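Trainee: This is a predicted model, with the sequence first.
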Amino acid sequence: MMLKISDLTAHYGSSQALFGIDLEIGTGQVATLLGRNGMGKTTTINSIMGIVKASAGSIKFDNTELVGRPSFKTANLGIGLVPEGRQIFPNLSLWENLVATSSNHLNMPDPWTVERVFDLFPSLAQRRSSMGNLLSGGEQQMLAIGRALMTNPKLLILDEATEGLAPLVRDIIWDALGLIRKSGTSILVVDKNLRDLMRLADVNFVIERGKIVWSGTSSELKADREALHRYLGV
């Protein structure tokens, strides 16, 4: 397993947010984390990254325990995060955003470069000198994905991958994720566009009130109308 989460719990102060999360992603797999707002998706991601401290349980990435590690050490192991809200550097140019955190700690044989990101998202090449705060929402999201790829991760995590974006931009991002998958990178993605997610995903995890309440393949999820309605409101 590339990522194995076992019995993970997390708190915000005295309030418990996660109640024994179990989740596994294999090498090269695409997994989704689905659920309504406020059910624990972002908390799970932030616990993986060490942004939220786990109260108990285990998070193993490539057989290395992540619980208790600071975020930068987790990132250096090969996890790239595209956070909700993009969080690009507004006062840096698009090109500067890409190179600011670029690295190849794992000595990947075919590392991501600025030009490779521009091949993935051609529209970014035309805006390379534009400041981050002057980019459209779609351009910022593509930049956030490119910035994460520039760390050359084994696992790419996207929180709300296409939220608030125009349909054309969403299609560009889904196509890009398909290409990233073909490169061998594992992906964990949170989003609400089930049709696109299930076309891409190998396995889906549904979270409800801090617990994984359903897991299975995309074909199994499509066939489970009760789960779709009960947990996702579809």
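Mentor: Ah, there it is. Residues are numbered from 1 along each chain as shown.
Trainee: use CA for all of it now, contacts and neighbours both
Mentor: OK.
Trainee: any chance you could map the helices in this structure?
Mentor: Listed in chain order, the helices found in the chain under DSSP state H are 41-49, 71-76, 94-100, 114-120, 122-125, 137-149, 167-182, 194-200, 218-223, 225-232.
Trainee: residues of the shortest one that come out buried?
Mentor: Judged by neighbour count (16 or more other C-alpha atoms under 10 Å), helix 122-125 contains these buried residues: Leu124, Ala125.
Trainee: That one - what's its average pLDDT?
Mentor: Averaging pLDDT along helix 122-125 gives 97.
Trainee: For this protein, which residues score under the pLDDT cut-off?
Mentor: Across the chain, residues meeting the criterion (pLDDT under 70) sit at 234.
Trainee: circling back to that earlier point, can you list the helices of the chain in CSV and add distance to Gly35?
Mentor: CSV is the format used below for the helices of the chain (distance: least, C-alpha to C-alpha, whole Å):
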stretch, distance to Gly35
helix 41-49, 7
helix 71-76, 25
helix 94-100, 31
helix 114-120, 29
helix 122-125, 31
helix 137-149, 21
helix 167-182, 19
helix 194-200, 11
helix 218-223, 13
helix 225-232, 6
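Trainee: Please identify which of those helices is closest to Arg86.
Mentor: Closest to Arg86 of these is helix 137-149 (C-alpha to C-alpha; 5.7 Å).
Trainee: Tell me, how many residues neighbour the closest residue to Ile207 other than its chain neighbours?
Mentor: Nearest in space to Ile207, with sequence neighbours left out and distances taken as C-alpha to C-alpha, 6 or more residues apart in numbering, is Gly35 at 5.2 Å. Residues contacting Gly35 under the criterion other C-alpha atoms under 10 Å number 24.
Trainee: Check Leu197 too.
Mentor: When counting by other C-alpha under 10 Å, one arrives at 21 neighbours for Leu197.
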